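J.: The following block contains a protein sequence and its predicted model.
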Amino acid sequence: MTDAEIIDGILNREKRGEPPWIAPGDRGGRTSWGISERAHPEAWVDGPPSRERAAEIYRLEYLEPFASLEEPLRIQMIDIGVTSGVSEAWKLLQKVIGVRPDGSPGPVTRAALAAAGSARMINNALVAARLQFIDQITDGDLRQKINEEGWENRALVFLVL
């Protein structure tokens with residue numbers, strides 16, 4: 001899958017926000033195209049970011065950190081990075097491959113990843129870990145329950161049979 005296809009997929013899932021650009025329970029604050037004001041205040045200086053500006057942010061901040069990963073794992077890691085942050089995506093993967101989760105893809109993580117098996121198997125284990133992560137979020141903050149089903153459906157899209 002090309003970078004442009006990945007970005008289009010993210011933008012299609014995230015969609016353009018509508019005034020006041022705040023989804024119920026969203027901790028990111030105002031959000032459009034998945035770009036929250038909390039995470040990207042510079043993108044909101046003149047109002048909500050355009051689709052093109054959002055695509056640029058995704059390309060620079062969310063695709064690059066996972067460029068060395070194989071598909072389908074790469075695509076899911078990008079999506080986790082978008083929804084939870086790049087560091088959190090690495091932590092979740094590190095838990096799956098049995099490495100101390102520090103959010104940094106250093107040489108220990110890279111070696112464990114290379115030894116862990118096929119990208120497909122790791123990807124599917126990551127889907128399961130992602131579902132557990134979602135449960136932890138929604139069990140820990142009941143205001144997030146409104147998002148639970150959507151987040152779970154989004155995670156399940158990345159399951160490869």
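T.: Noted; the coordinates are in hand. Residues are numbered from 1 along each chain as shown.

J.: roughly how far apart are residue 10 and residue 145?
T.: Residue 10 sits 24 Å away from residue 145, taking C-beta to C-beta, to the nearest Å as the criterion. The way it works is simple: take the backbone N, C-alpha and C, and place the C-beta from them, glycine included.

J.: Who has more neighbours out of these two?
T.: Shown here are residue 10 and residue 145; by other C-beta atoms under 10 Å, residue 10 has more neighbours (22 against 12).

J.: quick one, what contacts the more buried one?
T.: 34, 58, 62, 78, 79, 82 (C-beta atoms under 8 Å, 6 or more residues apart in numbering).

J.: Do you know the pLDDT at it?
T.: Predicted confidence (pLDDT) for residue 10: 92.

J.: how near is it to residue 110?
T.: Counting by C-beta to C-beta - residue 10 and residue 110 are separated by 25 Å.

J.: How about residue 78?
T.: The gap separating residue 78 from residue 110 is 18 Å, by C-beta to C-beta.

J.: for residue 95, same thing?
T.: 16 Å.

J.: Among the two, which residue is more densely surrounded?
T.: Taking neighbours as other C-beta under 10 Å, residue 95 and residue 110 compare with residue 95 leading, 16 against 12.

J.: I figured the more buried one hits residue 101, correct?
T.: Yes: using C-beta atoms under 8 Å, residue 95 is in contact with residue 101, at 5.2 Å.
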